[in-house]
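K.L.:
Compute the structure for the input listed below.
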Amino acid sequence: MKAWQYTDASGGLEKALHLNTSASLPPTGTSLGSEQALVEVEYASLNPVDYKLPEIPIVGRLAISKPATPGLDYAGRVVAAGSHSRLKVGQMVFGKLDNPKQQFGTLAEYTVTPRAGTVPVPDGVSAEDAA
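P.N.:
Numbering: from 1, shown residues only. Below you'll find the model as predicted:
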């Protein structure tokens with residue numbers, strides 16, 4: 001999997017990001033929660049929290065496992081769904097991840113999404129606009 005990642009953002013996240021073409025997939029399979037979905041990210045949008053948290057000295061170094069992929073907002077296609085997920089494989093969805101201190105963000109090919117922050121893309125709305 002490809003993912004934009006960093007190991008240290010002390011000089012600014014934009015300088016620390018590099019494209020990792022062999023990044024680890026987020027935990028899936030038997031470790032995919034019953035209400036979670038694995039989404040192939042087609043679009044991501046960046047917000048201040050995506051780069052400010054990693055740049056805070058204590059949070060950025062200690063609270064976020066490395067290497068880490070930033071990003072919370074996305075639009076993409078469901079490729080796997082938990083047993084109690086209301087989402088269907090192949091469905092276009094958008095939303096936000098619920099933990100800004102997570103290791104597997106949306107600047108990657110795949111991310112695991114929570115039920116509370118994931119909804120179908122409405123008819124007539126592009127995935128780009130949804131993100």
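K.L.:
and the helix or strand bottoming out on mean pLDDT in the chain, how far out from the chain's middle?
P.N.:
Scoring the helices and strands of the chain by mean pLDDT, DSSP states H and E places helix 57-58 at the bottom, with a mean of 79. What separates the centre of helix 57-58 from the centre of its chain is 22 Å, taken as C-alpha atoms, centre = their mean, to the nearest Å.
K.L.:
Strands along the chain, start to end?
P.N.:
Along the chain, counting by DSSP state E, strands occupy 3-5, 18-20, 37-45, 73-81, 92-96, 110-113, 118-120.
K.L.:
What strands line up against the second one, and which way round?
P.N.:
The strands beside strand 18-20 in its sheet (DSSP bridges) come out as strand 3-5 (antiparallel).
K.L.:
what about the strand it pairs with, average pLDDT?
P.N.:
Averaging the model's pLDDT scores along strand 3-5 yields 95.
K.L.:
still on that earlier bit, Serialize the strands of the chain to CSV and add fields for distance to residue 64 and mean neighbour count.
P.N.:
(C-beta placed from N, C-alpha, C; glycine too.) Supplementary listing: the strands of the chain in CSV, determined by distance: least, C-beta to C-beta, whole Å; neighbours: other C-beta atoms under 10 Å:
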stretch, distance to residue 64, mean neighbour count
strand 3-5, 11, 23
strand 18-20, 16, 13
strand 37-45, 17, 21
strand 73-81, 18, 21
strand 92-96, 17, 21
strand 110-113, 15, 24
strand 118-120, 22, 18
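K.L.:
who wins for proximity to residue 26 among those strands?
P.N.:
Closest to residue 26 of the strands of the chain is strand 110-113 (C-beta to C-beta; 4.4 Å).
K.L.:
follow-up on the earlier one: can you redo the strands of the chain as TSV with distance to residue 63?
P.N.:
As requested, the strands of the chain are arranged in TSV below (distance: least, C-beta to C-beta, whole Å):
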stretch	distance to residue 63
strand 3-5	16
strand 18-20	21
strand 37-45	21
strand 73-81	20
strand 92-96	19
strand 110-113	19
strand 118-120	24
